[in-house]
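Q: Got a predicted structure here, sequence first:
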Amino acid sequence: MPNKITKGGSAKTSKKVPQKQKYIIDASGPSRDKIFDSAAFEKFLHDKVKINGRPGQLGDIVTISRSDDHKITITTSTHVFSKRYMKYLTKKFMKQHRIRDWLRVVATDPVSRHV
């Protein structure tokens, strides 16, 4: 086999290291109207988010926190979530609490969702 000659030195492969991702779900409007329970939604996310196919085992990979103004922040260190997955879980929670017919999940910017 002929040797492969590369211009400028040897060929190096680099791996992309997943960076921290932060998603925000803003449920302040419905929470003020007592329609949406953000504490129950936070617990739902802790129980349902899957890491490597196993729900509820977040460890140090994912942190879920709720602020006083009913915004839920999901921060991932190495595991990559799709924005669609966060929207799916939000819609699933609303369906279980029978509020899916009245509320929508809308993207306000690339990292946040608004209920």
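A: Looks like it came in fine.
Q: in the chain, what spans have low per-residue confidence?
A: Of all residues in the chain, those with pLDDT under 70 make up the ranges 1-18.
Q: A helix includes Lys95, no?
A: Yes - assessed with DSSP: H, G, I helix; E, B strand; the rest coil, Lys95 lies in a helix.
Q: count of residues packed around it?
A: Using other CB atoms under 10 Å as the criterion, Lys95 is surrounded by 11 other residues. C-betas here are computed from N, CA, C, even on glycine.
Q: ok, now His46?
A: Taking other CB under 10 Å as the criterion, the count of residues near His46 is 13.
Q: now swap in Asn52 and tell me
A: Asn52 is surrounded by 7 other residues when neighbours are defined as other CB under 10 Å.
Q: repeat for Leu89
A: Leu89 has 20 neighbouring residues, counting by other CB under 10 Å.
Q: so who does the residue nearest in space to the middle of the chain touch?
A: The central residue of the chain, meaning the one whose C-alpha is nearest the mean C-alpha position (CA atoms, centre = their mean), is Met86 at 4.6 Å. Shown here is Met86, whose contacts under the criterion CB atoms under 8 Å, 6 or more residues apart in numbering are Tyr23, Ile25, Ile74, Arg113.
Q: how far away is it from Thr73?
A: Look at Met86 and Thr73: by CB to CB, to the nearest Å, they are 11 Å apart.
Q: Overlap of the contact sets of the two?
A: Tyr23.
Q: For the protein, just list every one of the helices.
A: Chain-ordered helices for the chain, with DSSP state H as the definition, fall at 28-32, 38-48, 83-96.
Q: Export those to TSV and append columns for distance to Asp69.
A: Compiled in TSV, the helices of the chain are given as follows (distance: least, CB to CB, whole Å):
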stretch	distance to Asp69
helix 28-32	5
helix 38-48	9
helix 83-96	17
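Q: right, so of those, which gets closest to Gly56?
A: Relative to Gly56, the nearest member of these by CB to CB is helix 38-48, separated by 5.1 Å.
Q: So for Ile64, which of the helices of the chain sits nearest?
A: When the helices of the chain are ranked by distance to Ile64, counting by CB to CB, first place goes to helix 38-48 at 5.2 Å.
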